[in-house]
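In: please work out how this folds:
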Amino acid sequence: MTILKALGNQTTSVERVSEGNDITLKALRDGTLTVASWIAALSLAGRVFTVNQGLGTTAKAFGDGGLDTDEFDLHVAVPSGVAIIPLELFITFETIGTVGILECAMQSGSGSITGAGDTPTPISSNVSSGRSSRCTVTGSAATGATALTTNIKEIWRDSDQLAVDIDTVAQIRVKYNYRWYAMESGVLDVVGPNQQVAIWAAATTGTGQIGFKYIELPVAAVE
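Out: You can find the predicted model right below:
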C-alpha cells in the first residue's frame, strides 16, 4: 500500500521553487491537502487574459438601436494553433437612449469578419509571465463587417425594455450593469482555432465599457 505524505506548511516555511524543479506536496497541519483551482493555476501561469473596450472614465459608443449581427461592440478572432475559453463578461452602460429594447449578447462561431474599429490589447493575468494573447481584438466595429456564419452558438443573452414609473409617468431602465460568469453557467465553451467570439451591447445611443476575460491555450490542450 502506498502512503502519501505532505509537508504541513501553513504559515511559515512555505516553499516556492524555481520553474521545473520538484516540490513536496503541501498540506495544512491537520493533513488537509491544499489545491489550487485549474483557473487559479492558469492565472498564475499568465494564460488568462482581460481585454477592455472602454476603460476608467473613457466610454465607448455601442451599436445604435437593436442588435445588429454584423455590428460588433467587441470581436475576438482566435487564430490557428490556439483556443480560448470565455470566463467572464461585463457590460456597463454610462448613457442609454429612451427608445426600444437594450440587448446584450455573446456568441461564438466562425465566418465573421470585422471592419475598422478600435484595437484594445488583451492583458495577461500575470504580466511577469511574459505571455501575450495571439487573438486579434476589435472594438466598436460598425461598418464593413460580416456576421458569424457557421457553428453559431449563443453563449449568453440579457436584455431590458423601457418601463414606466407609475408615480412620475417617466420612462426608466432599472439596470445599467450586465455580467456573465462561465462558472455560474457550469459550462466552459471552447472557441477556436479559427473561430470568433462576438459581443454586443445594443441600445439607442448607448455608451459605456465592456470587459472580457478568457483563457488562452494551445489547441492541443483542449483536443
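
In: for the rest of this, base every contact and every neighbour count on C-alpha atoms.
Out: Will do.

In: mind listing what Gly97 touches?
Out: By CA atoms under 8 Å, 6 or more residues apart in numbering, the contact list for Gly97 reads 203-206.

In: quick check, it in a strand?
Out: No: secondary structure of Gly97 (DSSP: H, G, I helix; E, B strand; the rest coil): coil, not part of a strand.

In: check what pLDDT it gets.
Out: pLDDT for Gly97: 72.

In: hmm, who's touching the lengthiest helix in the chain?
Out: Longest helix in the chain, counting residues (DSSP state H): helix 38-44. Residues outside helix 38-44 that contact it (CA under 8 Å, 6+ apart) are 48, 125-126, 215.

In: go again with 6 Å.
Out: With contacts defined as CA atoms under 6 Å, 6 or more residues apart in numbering, helix 38-44 is touched by 125-126.

In: for stretch 104-111, same thing?
Out: Here stretch 104-111 makes contact (CA under 6 Å, 6+ apart) with 148-159, 195-201.

In: now which of the residues you listed would you call buried?
Out: With burial judged by 16 or more other CA atoms under 10 Å, the buried subset of those is 148, 152, 155-156, 195-201.

In: can you name the two of those that sit furthest apart?
Out: The most widely separated members of these, counting by CA to CA, are Gln195 and Ala201 (20.5 Å).

In: one step back: in the longest helix of the chain, what counts as buried?
Out: For helix 38-44, burial by neighbour count (16+ other CA under 10 Å) applies to 42-43.

In: repeat that for stretch 94-104.
Out: Across stretch 94-104, burial judged by 16+ other CA under 10 Å covers 94-98, 101-104.

In: these into a markdown table, with extra columns for distance to Gly66?
Out: What follows is those, written out as a markdown table (distance: CA to CA, whole Å):
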| residue | distance to Gly66 |
| --- | --- |
| Glu94 | 17 |
| Thr95 | 15 |
| Ile96 | 12 |
| Gly97 | 12 |
| Thr98 | 13 |
| Ile101 | 7 |
| Leu102 | 7 |
| Glu103 | 7 |
| Cys104 | 10 |
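
In: nothing else from me, thank you.
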